[in-house]
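K.L.:
sequence-free structure coming up:
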């Protein structure tokens, strides 16, 4: 008999499991804590469960994450993990060490349907949404193999558009932030979207406390459409209205990601357009150089140009940070994930 995988089960689902076994629902919380918090995957060693229950669970269930197929390590210390899912599809996860923080970059889909012209993941097309367990499993693998202190911050900026897998994302965030689960502070988690406007409203109205980042990359509708086909559906004016709603509803600032493409969106006019666009919105702007993707037609600006852009932008906007590319040599940098051999 094929065992059912418990990875991705919430407390509620585990409580329902025990009810079906004729056991008190509170056993579900015990099992949840053993698996996610204690990282004990041997049911036989869960000492506060009866021997009968342990035997029943062991006969029908398992707790198993996605299989690691390959690991690549960059000269700058960035680690890229390629996982192979049960149906053979690939996903990639990136661990980015830094002096001040260690960031874990998670995927929410295998591939992506949005086809942004500068992003390698888009060339894969969308394979499918990840399950709750496949999202949580990436994090558990890193903790198991690199220790609980391996990352301090988590970003959903890997493969896929998280807001196009919203329901599973919400469940995964619940497990990650639960004190009996992975116990990560919500303020240490950021969900990045290209701007799926209706879901931004939904996210603002939810009780989720994870941060929001928006991949902006251009400050006019015309330029945004030229690089991001999704901008034709979710136009810039409506997107900015949704972001204003989010910041007012949550009292949290939003992060705008702005990739610089040489000769496309890196002039003084672009700076002024961007400053006007975000005026009055509590925000931080992350400026980063484009990371090369084959046949995209774009090129990277110089480091000096990136620094100039940020310097000119900062007096006109609340906060600006230059994000240095990490893991370029193993195709692990922003926009480069496509499950290719490195």
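P.N.:
Happy to help now that I have it. Computed from a predicted structure; not experimentally measured.
K.L.:
helices along the stretch 201-342 of the chain, start to end?
P.N.:
In the stretch 201-342 of the chain, the segments counted as helices under DSSP state H, counting those that start in this stretch are 221-227, 236-250, 268-277, 303-313.
K.L.:
packing partners for the shortest one?
P.N.:
In this case it means helix 221-227. With contacts defined as 3 or more Cβ pairs under 8 Å, 6 or more residues apart in numbering; DSSP states H and E, helix 221-227 has these neighbours: helix 236-250. Using the backbone N, CA and C atoms, a C-beta is placed for each residue, glycine as well.
K.L.:
what's the angle between the helix it packs on and helix 268-277?
P.N.:
Relative orientation of helix 236-250 versus helix 268-277 (axes from the mean of the first three to the mean of the last three Cα atoms, to 10 degrees): 40 degrees.
K.L.:
would you list every one of the strands in the stretch 151-300 of the chain?
P.N.:
With DSSP state E, counting those that start in this stretch, the ranges of strands along the stretch 151-300 of the chain come out as 153-156, 189-193, 211-215, 254-260, 283-289.
K.L.:
give me the mean pLDDT for the shortest one.
P.N.:
In this model, strand 153-156 carries a mean pLDDT of 96.
K.L.:
list of residues touching it?
P.N.:
By Cβ atoms under 8 Å, 6 or more residues apart in numbering, the list of residues contacting strand 153-156 from outside reads 101-108, 139, 162, 169, 176, 184, 188-192, 213.
K.L.:
quick check: closest non-adjacent residue to residue 132.
P.N.:
residue 8 (3.6 Å; Cβ to Cβ, 6 or more residues apart in numbering).
K.L.:
what do you get for residue 57?
P.N.:
Among residues not flanking residue 57 along the chain, residue 43 sits closest, at 4.9 Å (Cβ to Cβ, 6+ apart).
K.L.:
pLDDT score for that neighbour?
P.N.:
pLDDT, residue 43: 95.
K.L.:
was I right to think it contacts residue 59?
P.N.:
No. Shown here, residue 43 and residue 59 do not form a contact pair, counting by Cβ atoms under 8 Å, at 9.5 Å.
K.L.:
tell me, what residue is most central in this protein?
P.N.:
The centroid of the chain falls nearest to residue 156 when counting by Cα atoms, centre = their mean (0.7 Å).
K.L.:
beta-bridge partners for it, please?
P.N.:
Applying DSSP bridges to residue 156 gives these bridge partners: residue 191.
K.L.:
relative to residue 283, which of the helices of the stretch 201-342 of the chain is closest?
P.N.:
Proximity to residue 283 (Cβ to Cβ) singles out helix 236-250 among the helices of the stretch 201-342 of the chain, at 7.6 Å.
K.L.:
next, the buried residues of that closest one.
P.N.:
The neighbour-count check on helix 236-250 (16 or more other Cβ atoms under 10 Å) flags 236, 239-240, 242-244, 246-247, 250 as buried.
K.L.:
related to what we said a few turns ago, can you put the strands of the stretch 151-300 of the chain in JSON lines and add distance to residue 125?
P.N.:
Shown next, in JSON lines, are those (distance: least, Cβ to Cβ, whole Å):
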{"stretch": "strand 153-156", "distance to residue 125": "20"}
{"stretch": "strand 189-193", "distance to residue 125": "19"}
{"stretch": "strand 211-215", "distance to residue 125": "19"}
{"stretch": "strand 254-260", "distance to residue 125": "21"}
{"stretch": "strand 283-289", "distance to residue 125": "25"}
